[in-house]
Structure formats: structure tokens, C-alpha cells
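Colleague: After the sequence you'll find the predicted model.
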Amino acid sequence: MEKIWFGTAYYREYLPEERLEKDIAMMKAAGINYVRIAESTWSTYEPQEGEFDFSSVITVLDRMHANDISVIIGTPTYAVPAWLAKRYPEVLATTPQGQNKYGPRQKMDIASPVYRYYAERIIRQLLEATAAHPAVIGFQVDNETKYYETSGHHIQVAFVKSLRKKFNDDLASLNRAFGLDYWSNRVDAWEDFPSVEGTINASLGAEFKAFQRQLVTDFLSWQVELVKQYRSASQFITHNFDFDWRNWSFGLRAEVDHFATSRLLDVTGVDVYHPGQSRLTGAEIAFTGDIARTTKDQNYFVLETQAQAFKDWTPYPGQLRLQAFSHIANGASMVGYWHWHSIHNAWETYWKGLLSHDLLPNPVYDEACGIGNSLERLSPVLAGLTKSNRVAMLVSNRCLTAVDWHPWRGHQFGGDKAHQYNDFFRSWYDALYRLNIELDILDADDPRALRYDVLIVPLLYAASDELLIRLNTFVERGGHIIYSFKSGFADENLQVRTALQPGIIGEACGVSYQLFVEPDDVRLSQETFRLEGDVGCVTDWMELLQPTSAETEVLARYEHPYWGKYAAITRNTYGEGSATYIGCNLSSEGMEHIFSGLLATPALTPLRSDYAFPLIVRKAKTKMQQTVIFLLNYSSTPQQAKNPLLRATSLLNNHAVEQGETLDIASWDLCILCGEEAL
């Protein structure tokens, strides 16, 4: 029977005393049906070169299997043992800051042949000892893999080889595509190619970042192929992607291509961390899931999420349950906590698990028990949920890198470490989330984009002609696109187009501009959108738009003595569809008003929800094609909602609910309805 996996990372090696049987008993009481082990402790399994001891792992496997708890084996390659770094220092990555020092995790060079040799050996030894064990349901390759800034000599040599292949050994084409004549950066002999660590050329720098991301894809592909030699047909291979870190999971990762790398896996896995207590919104749960679910058009694993974690994350009563069911509402088929117990020393001492340092039951563990037992009861209904969204947001690692080089706010030179692309992506995403516009997130170049009714496209700064023409065709054939400013500006090599901006997409958008300025006390006009107070303020960037088509509707202008004649937001009918262009930056709250107005057109009204944040609504279908509606209250204020289904059951309390019946949802609580939709 298909089930929802509910579990935790478990590190017997970290515990101060032997308590395996006690832990298993507590896990069983919590409804935990799997644990993830082994990914963190290479040095325990190989304390000296060539000396292997997997007895601890085998003991855990044996005892978990005896208690009907399944196990995911992680390959222990993301933290190298001391003896390896001592004997072979080249396994530590050379970065622009010099060679890494031993101590922290993830300081290795994932392309080092020496590192690969020893990593392959520990993987093979571990899998030979464990893969055939009946407790093992699958494998996690590595852990939150990135390229760790590796950029030493052998990386530079490999990068130049990749350029020679891409440009067919034609240096003139490379110089032209990247604009290397600037400041005498031109290269006229391959043997003269300099290290790109200090390049001031955005095109070359962005190409190197893409090459580094490919190192990650290649590394995980290599591990996947190793694991395939040992796994059975019933065992899966996954990886736990993490996200841009702003003290929690914030946005798209610059150092790994989630979309390309997911194709290697049987199931995409993610690690999701988010603010807690009164700052909990559920937005991080939603956007990470929208990426993970869309990578393979299937349900995904949450391999790590928070239990207690930090003191400002310790959940209010009810929040742990709300979070768990939010993952499932988004398409997760696994909810796993990092981690079971709190560690008693080292870096993550105060990143607390389900159990506190006393290793005793506590309110968070008690709430997890309720979650686990509910999931066991509801798995026949909630396992294998499917979602079918009509809206997609297009994102791009290429554009993220490009916008880092050419920020849209702040200083225009020297790049920005704050990943302003993610600031903007989250601003738009969060506005849509608060409006309960469910969507998928996929790479801008993904041809699946054409299957949606509406595409939301933030900061598509660097894009090929082919992509932009394809998006124009999407509109012409009846689709609707909402672009942000700075879209279509440069090609895939970050070379700015010599055309009236926004270049190719200007045909569908029916608009052009030559000037962009820093707003100074500028607001949007009230022509179409009711933007009262600060939500109407324009900040950081504004383009002075001019309609180019009789079909172009000006939805908003700038309120300004000099810029007031220009359009700020336009919508153009093009073929059977429409293209909206938003030429300025507004707050996320401002964009919430804008999106609400844009989706009020007759063609898009069915996408709208009757409810908005803090009541989050998520919809899915069961395997039996019944409709499931999750009503999630992300606030300390009780909420009310009406049952929209004809005949429905409230799954958490197994009560029948009449159509139109008002449901009371307590603070940080939820309701799950299952039934038939009204026609």
C-alpha cells in the first residue's frame, strides 16, 4: 500500500549513551515509519585509511527492521575525515579566498580525482554492507550538494575545455559573444586564457558559474550511477536540495541547478526551513514544494524540516501539525525532521531536534506523535495526491547570476552578494501565495511552460532569442504572461540587445522604452489599481514605457511631474492571448493588489480564491479522483471558511460536512475536506 513517509534523521553515533531500543520505542509511539542514517559520519565508518567498520549501521538496520521502521541510507561524502585531508590536502577545494581549511563540512573539491577515489570507496563499502538489507527502502546521494566555490587550476583548465567545445574552438566567436574587447580582456590564444576568478566580465563570469553548477550535476550523476549498481528495483535514489540561505530557506540556489539535477533522481528531495512562531507564514513550505513537485511532475520528499531547531523557531502549539500537513497539501509524500535528538556538542548544538537535550518526551515530540498517528490513519486517502495547476512561475539560474552581476537596486557596479534576484522572486511569489494562487515553478527554458494558461515571469533578464520567440508564440496562441521590468534585456550570454527594449517580447507586450531611472518620490497612478498609502510607492527601478500598439492598454502611469506621461504597467492583446508588462518595482504588498486586479479579467477569474492569507487554501485530487481541500490558518486569529464541496468529510475528525457549511478553524490549525466538487 502506498503510504506517507513520516520520519527523522537519526544519528546513533552522536548520542551520549546507548539508547537505541528506547529511541525505537518512542519512534513507534510517534508513528514514525522511516529514519535516514549514515550521511554525516564517514570518519566513524573509516577511522583510518582502508579500515572500515559498519557495525553501528548494521545494528540500526537490524533493530529498525525488527520494529517495522524503514531506513534511507545516505552516502557519507559531504564531510571528509581528518586523515584524508591530512594525507591528501588537495581534496580540499581551492577557492578565490585560497585553499579551504579542514574542519567545517562541505569544504572538499567535488571534482578532485583523489576525493572521488576515496568517496567512491566509502560508498561502495557502505552499500556492499547495507544495500541488500530488508530495512533499506532507498538512498540519498550526498547532502545539500553545491560547488563550494571550487575554482583551482584544474577547474580553470576544465572550464577552458568546456568553452572550446561550446564555441567550436573559435576564439573570435567567444570574444564577440562575451564582449571581451572591453578593458583589453580579449583572448587570442587558448593558452593565454586567464583564470576567471577575478574577471570583471559578466558574460564570462556567468558562464563560469554555469560551469560550476554543471560540476554539481556531474558529481551527483556520478554518485547516482554508483548507487544504481547496488540498489534493487524497489529502492529509490533521492537527494536533499537546499535553497538560498537567509537564516532559513529563502530562494533559488545559485550553486546548483535544481531542475537539471533532479532528472537524475527517482524522487526529488528538499530541505525546508522557515521562520517560526508569529513569523510563520507557510510561504517557504509552498515555494520549495512548488519547485520540487514540478521538477519531475510527481510528489516529492521533504527529507529535512524543523522540529524545534532554534529558540525563535520552537513552534507554538499546533504549528508543527500545521506545517506537516502543509507539506502534504503541496504534494509531499514524505515529511522528515532534522533531527531526532538534540546534539550535545559541536556546531549544531542548539539546532534542536524532536527531542531536547534531556532526550525525554516534550510538547513538540507529543505533537509529532499526533501527526504520525493521523498520517497513518489518513494515508489511504492522502498518499499519492496529485495537483493540476494552471499557473506557472518561470525562474532561471542564468538570470539569477546575471542579476547578481547587474543589480536592479543599490549600486550598479560590482555585483551583489544578497542575491537580489531571490528578493524579487520571493516578493512576487509571496504576493501570489497570499492570494491563494496555486502555481508550479519551473525553469524558464522548460518546454512544459507552454501547457499552462498563465505564466508569471520575474526578472527574465538573460534569455535566448529562441526562448523569447517561444513565449511570444505562447501568448499568440491564447496564453497570458505577466512580465516584470528588466525582462528580455540581454541574450543568454548576458550581451544586451541592440534594440528598443524589451526587445523581442516587445512585440507581444506592445510596449517599448529607452530610459530607466531611479524613482524619487514616485507613486503609481490610480487609473486601474486602488493602491492606497505605501503600497503604491515605486522603489529602486522604473522604466519609462511607451505603448507601441493600438491594442496596448495602459493600466497605470507614474505620478511624477516629469515622468507622469509614461506608462508604468501595460497590457496588450496579442493574437488570442495577452501580455502584461510591469515596468517598475513595487513592494510585495503592492504586487498583491496588482495581481488581484490582473486576475480579475473574465478569462482569469477562475484562478482566484475566495480567501486570502492568513487562510491558505490548497487543492488536490486523491487516487480515486476525489477532491481534497486543505484550509490552513497561518495566524493566531481564528478563521472561518465555507465548505465548497457537494458532499464532504472533514478528515481530521471524520465528520460529515454539508455544502456551504461554515467551518471554524482555530489559531494555527487546519481543516482537510474530502469529497465531490460542485459542477
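Modeller: In hand now; what should we look at? Numbers count the residues shown, from 1 in each chain.

Colleague: what distance separates the start and the end of stretch 534-548?
Modeller: 30 Å (C-alpha to C-alpha, to the nearest Å).

Colleague: just stretch 89-106 next, same as before
Modeller: Terminal residues of stretch 89-106 lie 14 Å apart, using C-alpha to C-alpha.

Colleague: Residues in contact with that stretch: which ones?
Modeller: 78-80, 82, 84-86, 107-110, 112, 114-115, 118, 144, 146, 148-153, 155, 197-198, 347 (C-beta atoms under 8 Å, 6 or more residues apart in numbering). The way it works is simple: take the backbone N, C-alpha and C, and place the C-beta from them, glycine included.

Colleague: Would you confirm that Ala25 belongs to a helix?
Modeller: Yes: Ala25: assigned to a helix according to DSSP: H, G, I helix; E, B strand; the rest coil.

Colleague: Helices along the stretch 51-200 of the chain, start to end?
Modeller: For the stretch 51-200 of the chain, the helices defined by DSSP state H, counting those that start in this stretch cover 55-66, 82-87, 113-130, 153-166, 171-178.

Colleague: just the strands in the stretch 351-500 of the chain please.
Modeller: 391-395, 440-443, 454-457, 480-484 (DSSP state E, counting those that start in this stretch).

Colleague: just so I know, which of these lies nearest Thr637?
Modeller: strand 391-395 (27.9 Å; C-beta to C-beta).

Colleague: shaky segments in this protein?
Modeller: 1, 410-419 (pLDDT under 70).

Colleague: Need the residue closest to the centroid of it.
Modeller: For the chain, the residue nearest the mean C-alpha position is Thr288 (3.9 Å; C-alpha atoms, centre = their mean).

Colleague: tell me which element it falls in.
Modeller: helix 283-296 (DSSP states H and E).

Colleague: Could I get the contacting residues of the residue nearest to Lys387 when sequence neighbours are not counted?
Modeller: Counting by C-beta to C-beta, 6 or more residues apart in numbering, Ala620 is the residue found nearest to Lys387 once chain neighbours are left out, at 5.1 Å. With contact set as C-beta under 8 Å, 6+ apart, Ala620 has these partners: 329, 331, 385-387, 627-628, 630.

Colleague: out of those, who has the most neighbours?
Modeller: Counting neighbours by other C-beta atoms under 10 Å, Ala329 leads the contacts of Ala620 with 28 neighbours.

Colleague: and it, that's in a helix?
Modeller: Yes: counting by three-state DSSP, Ala329 is found in a helix.

Colleague: Would you mind measuring from it to Lys619?
Modeller: From Ala329 over to Lys619 the distance is 8 Å, taken as C-beta to C-beta, to the nearest Å.

Colleague: any shared contact partners between those two?
Modeller: Phe630.

Colleague: is it true that Glu553 touches Asn572?
Modeller: Yes: here Glu553 reaches Asn572: they are 7.2 Å apart, a contact under C-beta atoms under 8 Å.

Colleague: neighbour count winner among those two?
Modeller: Remark: of Glu553 and Asn572, Asn572 carries more neighbours, 23 against 17, as counted by other C-beta under 10 Å.

Colleague: one step back: so which of the strands of the stretch 351-500 of the chain comes closest to Phe159?
Modeller: strand 440-443 (22.3 Å).

Colleague: Longest helix in this structure, please.
Modeller: In the chain, assigned by DSSP state H, the helix with the most residues is helix 202-228.

Colleague: who are the neighbours of that one, in terms of helices and strands?
Modeller: Counting contacts by 3 or more C-beta pairs under 8 Å, 6 or more residues apart in numbering; DSSP states H and E, helix 202-228 packs against helix 113-130, helix 153-166, helix 171-178, strand 236-241, helix 258-262, helix 397-405.
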